[in-house]
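Asker: pasting the sequence and the predicted model now:
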Amino acid sequence: MLMLLNPRLLIVVISIILNACSASKNQETHITGPTMGTTYNVKFVSIDAVDKLELTQQIEQSLIDINLLMSTYIQDSELSRFNQWNSVKPFPMSATTLKVLNEAKRLSDMSEGMLDVTVGPLVNLWGFGPKSQPVKIPTEALINMTRKLVGIDKLTIGPSWASKAEPALYVDLSTIAKGYAVDQLAELLGTHAITNYLVEIGGEMRLSGVKASGTPWKIAIEKPETEQRAVQKIISIGTNAVATSGDYRNYYESDGVRYSHLINPNTGYPISHNLVSVTVVHPSSMTADGLATALNVMGKDKALALAETFNIAVLLITKEKDSFTEYTSAKFEQLVTVH
């Protein structure tokens, strides 16, 4: 199953759960289950009756198919086999995985390398992978040595294959694959003529239309506090996707220094700026997912500049001593309703 390194920080404000075998007209129906090391939630309002059991089976199968392609926890998944491919020769790959890889590479180019799906060895080195905190902080020599195994520029994507310039290159799509899965489930709902829905996997969301009451879906953005959970802002986003990235819970301290789980691929070190939360609103959940991570690594000034350049709706939250300050792009102000 897929698992993300960084937590996703969105809370959905939603209401009625129905357990009937079929979804009735104009009622809100909820389908949920485990996937990718977290859970999925699909809520929808249908004009026509929908066979809930059949839809649930289709949702589950879609998620299974994605895991079998992109999971790094399934040893014989397509991505795992690519990572085990100790060669620079082309590796045959499905159109689905190539689509996600191409988007990861596009977002990496857009963000000057701040989104890098090959950064896993550095994440592990700093103690944020499957293993716990390192016994001691890695030396500069060890960081530089590990950086030689990292770099999306070492990945070449062809029309039906991918190859590695460095045979040990390791690709982890966890910063973008959940968003892709959300998009796939949203498109599945569309095949059932469902246009009013909320799809969520591990905090990544895509919404369309309205709730059964006729009111917009509302999303609570979490206040970036370490000790408690509280709401920073409640928003509605129309027919769009939303993703949030933050580093205020996944970190450790050593000798009085705070080390974030977000690693700058260009330096090999954890980020050290005061940007603590990034929310991205975009039509594609996959794109929002990747951008949220990339912008969080970039820091406030560069993130806001990129958002304005590419007309991206973003909400940035920085920590200023004992308070939080919000910054929004022009697109966010235009697209998002704050409640």
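Answerer: Everything's here; your move. Numbering: from 1, shown residues only.
Asker: secondary structure element holding T146?
Answerer: If you go by DSSP states H and E, T146 is part of helix 140-147.
Asker: list the helices and strands that helix packs on?
Answerer: Judged by 3 or more C-beta pairs under 8 Å, 6 or more residues apart in numbering; DSSP states H and E, helix 140-147 is in contact with helix 120-125. Where you see a C-beta, it was placed from the backbone N, CA and C, and this is true even at glycine.
Asker: now for the helix it packs on, which elements pack on it?
Answerer: When contacts are defined as 3+ C-beta pairs under 8 Å, 6+ apart, helix 120-125 packs onto helix 140-147.
Asker: what's next to the helix or strand just after the helix it packs on, contact-wise?
Answerer: Toward the C-terminus, helix 140-147 is succeeded by strand 155-157 as the next helix or strand (DSSP H and E). Strand 155-157 is contacted by residues L98, L101, N102, K105, T118, A162, S163, K164, A165, L169, V171 when judged by C-beta atoms under 8 Å, 6 or more residues apart in numbering.
Asker: mind doing that once more with 10 Å?
Answerer: 82, 88, 90, 93, 97-99, 101-102, 104-105, 108, 116-118, 162-166, 169, 171 (C-beta atoms under 10 Å, 6 or more residues apart in numbering).
Asker: now do the SS call for G238.
Answerer: G238 carries the three-state label coil when classified by DSSP: H, G, I helix; E, B strand; the rest coil.
Asker: would you mind measuring from it to T226?
Answerer: Relative to T226, G238 is positioned 32 Å away (C-beta to C-beta, to the nearest Å).
Asker: more neighbours, these two?
Answerer: The residue with more neighbours, out of G238 and T226, is G238; 15 against 8, by other C-beta atoms under 10 Å.
Asker: shouldn't N67 be within a strand?
Answerer: No - with three-state DSSP as the criterion, N67 is located in helix rather than a strand.
Asker: with A165 as the reference, measure out to L335.
Answerer: Applying C-beta to C-beta to L335 and A165 gives a distance of 39 Å.
Asker: pLDDT below threshold where in the stretch 1-150 of the chain?
Answerer: 1-25, 129-135 (pLDDT under 70).
Asker: residue ranges for the strands of it, please.
Answerer: In the stretch 1-150 of the chain, the strands defined using DSSP state E, counting those that start in this stretch lie at 10-13, 22-23, 28-35, 38-45, 50-51, 91-92.
Asker: the last one pairs with which strands, and in what direction?
Answerer: In this case it means strand 91-92. Paired strands of strand 91-92, with direction, are strand 161-164 (antiparallel) (DSSP bridges).
Asker: quick revisit: mean neighbour count, the strands of the stretch 1-150 of the chain: which tops it?
Answerer: Mean neighbour count (mean count of other C-beta atoms under 10 Å) peaks for strand 38-45 among those, with a mean of 21.
Asker: where's the most centrally placed residue in the chain, which helix or strand?
Answerer: Centroid-nearest residue in the chain, with C-alpha atoms, centre = their mean: D289, separated by 3.4 Å. Taking DSSP H and E as the definition, D289 sits inside helix 285-298.
Asker: can you give me phi and psi for the residue nearest to M298 when sequence neighbours are not counted?
Answerer: Nearest non-adjacent residue to M298, counting by C-beta to C-beta, 6 or more residues apart in numbering: M114, 5.0 Å away. Here is the backbone geometry of M114 (degrees, to the nearest 10): phi -70, psi -20.
Asker: touching, M114 and N264? I think so.
Answerer: Yes - the pair M114 and N264 qualifies as a contact (C-beta atoms under 10 Å) at a distance of 7.2 Å.
Asker: what about these two, which has more around it?
Answerer: Counted by other C-beta under 10 Å, M114 and N264 do not tie: M114 has more neighbours, with 25 against 20.
Asker: now do the same contact list for that one.
Answerer: Contacts for M114 (C-beta under 10 Å, 6+ apart) come out as 107-108, 262, 264-266, 271, 291, 293-299, 302-303, 306.
Asker: coming back round to it: who does the helix holding D289 touch, helix- and strand-wise?
Answerer: Secondary-structure packing of helix 285-298 (3 or more C-beta pairs under 10 Å, 6 or more residues apart in numbering; DSSP states H and E): helix 95-110, helix 177-191, strand 196-201, strand 204-208, strand 240-246, strand 275-282, helix 300-309, strand 313-320.
Asker: wait, is I221 part of a strand?
Answerer: Yes - using three-state DSSP, the assignment for I221 is a strand.
Asker: could you check how far it is from A230?
Answerer: For I221, the distance to A230 (C-beta to C-beta) stands at 10 Å.
Asker: neighbour-wise, which of these two wins?
Answerer: I221 (22 against 10).
Asker: pretty sure that one sits against L315.
Answerer: Yes - counting by C-beta under 10 Å, I221 does reach L315; the two are 7.0 Å apart.
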